[in-house]
Structure formats: structure tokens, C-alpha cells
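coords please:
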Amino acid sequence: MQLSESVYFRDINYPEPFVGRSATRAYLKECVENLIGWTFVIDDWAEDSARQRLGLSWHVNDVDGNALIIPTKGISFLKMTDDNSQIDECTDINESFLVRMRARRRAGARAARPTRAP
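Modelled structure (predicted):
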């Protein structure tokens, strides 16, 4: 999928959006270069073609297909151009790092508990 010349890309992890094709491509290129071996998997999607909207839920796996310790789940909302040929707006929202780390600590605590004999 192509980006429109005036694409507005908002990743909630950043204080300011990436505006324009050049800025958005530079950001996405940096992501690709730093996430070597990661695979983005689309879990579900919803489309409103009359309004040129697309919603995605996704997760990320490492090179071996395992979930990562950092936030790896998210949703994206896209607005397409009137002819549906380019992405005009995108908002990416990923799971909270704090929530992810709490879940890992709880899972580790459960695994570390000694088992009791019946």
C-alpha cells in the first residue's frame, strides 16, 4: 500500500505525528532497520469501504515465532484516500509496556512457586 503525499501518521509512542510521505517513510524505515527478524501478524481487521476506513489488530513475533518481552500487540486505524489507492492517515496504538511487564512478573511468580504434594 502506498502513502499519500500528505499522509498523517500518528504512533502514540511519539509526542508528535509524522506528517508527509518523506517523514513517514523515514520513520517506517527506521522501524524496519531496528526490528530485524520481527514479524507483524494481522490478527483481525474491519473495513468500512464507503468511508475509506480500515482497522487492524496485530501482534509481533520474534524470528522464532515467539512473543517478545516488549509490547507486542496493537491496533491500527487507517483512512484511505478517496480512491482507496493510498493511506492518508494512520494511528498506531500498542499495548502498554507497564501492563506487559506486570503480566510477565505474575507469570514468573507463578512459575517460581513450589508445587505442593497432594
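
List the contacts of stretch 24-36.
3, 7, 9, 11, 18, 60 (C-beta atoms under 8 Å, 6 or more residues apart in numbering). Where you see a C-beta, it was placed from the backbone N, CA and C, and this is true even at glycine.

quick one: contacts for Phe18?
For Phe18, counting by C-beta under 8 Å, 6+ apart, the contacting residues are 7-11, 24, 26-27.

Distance check, the residue lying closest to Trp45 once chain neighbours are set aside against Phe40.
When the adjacent residues along the chain are set aside, Trp45 lies closest to Leu56, with 5.0 Å between them (C-beta to C-beta, 6 or more residues apart in numbering). From Leu56 across to Phe40, the span is 9 Å (C-beta to C-beta, to the nearest Å).

who's more crowded, these two?
For Leu56 versus Phe40, the count of surrounding residues by other C-beta atoms under 10 Å is larger for Leu56: 18 against 14.

Which helix or strand contains the more buried one?
Counting by DSSP states H and E, the secondary-structure element that holds Leu56 is strand 53-61.

so what secondary structure elements neighbour that strand?
Of the remaining helices and strands, those touching strand 53-61 by 3 or more C-beta pairs under 8 Å, 6 or more residues apart in numbering; DSSP states H and E are strand 39-48, strand 73-80.

what's downstream of the last one, the next helix or strand?
Read that as strand 73-80. Beyond strand 73-80 in the direction of the C-terminus, DSSP H and E gives the next helix or strand as strand 86-94.
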